[in-house]
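In: okay, predicted coordinates and the sequence, questions at the end:
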Amino acid sequence: MKTIAFDVMGSDLGVQPAIGAAMKILNEKPDLKIIFVGNEVEIEGELKKQKLAKKLESRYEIFPTSEVINMTDGILEIRRKKDSSMARAIELVEKDQARAIVTGGSTASFIAGCHFILKEFEGVKRPGFMPTIPTVINDKVVLLLDVGANVENDPEDLIDFAIMATAYLQSTKGIKEPSVALLNIGEEKSKGKDLQLQTYKLLSENKKINFCGNIEPREIISGDVDIIVTDGFTGNIALKSIEGMGKKLLSEIKKAVTKGFFRKIAALSLKPAFKEVASKFDYKNHAGAILLGINKIAFKSHGSSDLRSFHATLRMTYEAIENDVDNKLRKSLKEFKGS
């Protein structure tokens, strides 16, 4: 049985969407178990409202906690609030009572908790958040990291990100030589600050990485590469820009094609196409990011996650467990850096 410790406290919309998403994924995956970690009264109250709860009650349990880490809390709260849902969920994974953790809570506290409790892979200084981003090529995604686990990174961090993401795709997707690009303000190797210039040099010299040069932000969703590496600050801005632009653009298209009677009639025939594109680029369908470089499987969902977002993150976590991502990555990374 695959088991996920699910911290259902601390996100913006409360326990309702988190538990609703859990019921949905449990109904889809008969070999999955979920441990709801958080306020017992709130969790039980929401479970009573869920239609599938009775049917699925043998595959979930509640781990009660008395504290919550809020979005505004600092990194030290993971140590101060020892009975918080986030800390207890991480501990369940550390003690092998669960195979992975999912949370929509405070990013800073989550990173700190994973660092203090789960630890990083040997030889990795800083972990990185790695989401999957859809591209214009059907069924192809690009991995972007880091997108916010760190504010500052050095060239060695970015090399580790490239190695880990390469090992990830080799181990889980069977891609023999994933292409790696460096996010920069231009394609020329002379572009960028010291971080980009030094990283470019190191990537070019590393024969185990299929480095294909710089990539500009406008090409992130082109599908031209498999992996894009950058520092956490830049990556977070890039990710949120893509999410925001996609959401606003689809909204503006909808307004334009439904403006006036004749446009509405014409839009009816195009509705399936619009829905297809909207679904493809809706970030809520790719809502989770794995914290790569941690000894266990750890996923972070958006703080504003709704049912669909949490479901997407739980689905990605299930797939990571199924593919034994952490163990395969640890082995591949050791071989990659050691030989």
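Out: Great, that's in hand.
In: and the helix or strand that residue 161 is a member of, what's its mean pLDDT?
Out: Per DSSP states H and E: residue 161 is located in helix 155-172. Mean pLDDT, computed over helix 155-172, is 90.
In: for that helix, buried residues please.
Out: 155, 157-172 (16 or more other CB atoms under 10 Å). C-betas here are computed from N, CA, C, even on glycine.
In: show me what contacts the spatially most central residue of the chain?
Out: Taking CA atoms, centre = their mean, the centroid of the chain lies closest to residue 289, which sits 0.8 Å from it. By CB atoms under 8 Å, 6 or more residues apart in numbering, the residues touching residue 289 are 129, 130, 131, 147, 299, 300.
In: mind giving me the domain split of this structure?
Out: 1-124+293-324, 126-283 (automatic domain parsing).
In: redo these as TSV? Include distance to residue 330.
Out: Output for the domains of the chain, formatted as TSV (distance: least, CB to CB, whole Å):
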stretch	distance to residue 330
domain 1-124+293-324	6
domain 126-283	9
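In: weakest of those by average pLDDT?
Out: domain 126-283 - the lowest mean pLDDT of these, at a mean of 86.
In: which residues of this structure fall in strands?
Out: Here the chain has its strands, by DSSP state E, at 2-7, 32-38, 60-64, 100-103, 128-134, 141-145, 179-183, 210-215, 227-229, 289-292, 297-300.
In: mind putting the ones you listed into a markdown table with distance to residue 196?
Out: A markdown table is the format used below for the strands of the chain (distance: least, CB to CB, whole Å):
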| stretch | distance to residue 196 |
| --- | --- |
| strand 2-7 | 36 |
| strand 32-38 | 40 |
| strand 60-64 | 44 |
| strand 100-103 | 32 |
| strand 128-134 | 16 |
| strand 141-145 | 15 |
| strand 179-183 | 6 |
| strand 210-215 | 8 |
| strand 227-229 | 10 |
| strand 289-292 | 21 |
| strand 297-300 | 26 |
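In: closest to residue 252 out of the ones you listed?
Out: strand 128-134 (19.2 Å; CB to CB).
In: now do the closest one: everything it contacts.
Out: In contact with strand 128-134 (CB under 8 Å, 6+ apart) are residues 141-150, 157, 160-161, 164-165, 168, 220-221, 232, 235, 239, 242, 280-281, 285-286, 288-293, 300, 316.
In: and the longest helix anywhere in the chain, which residues are buried?
Out: Ordering each helix of the chain by length in residues (DSSP state H) puts helix 232-257 first. By neighbour count on 16+ other CB under 10 Å, the buried set for helix 232-257 is 232, 234, 235, 236, 238, 239, 242, 243, 246, 257.
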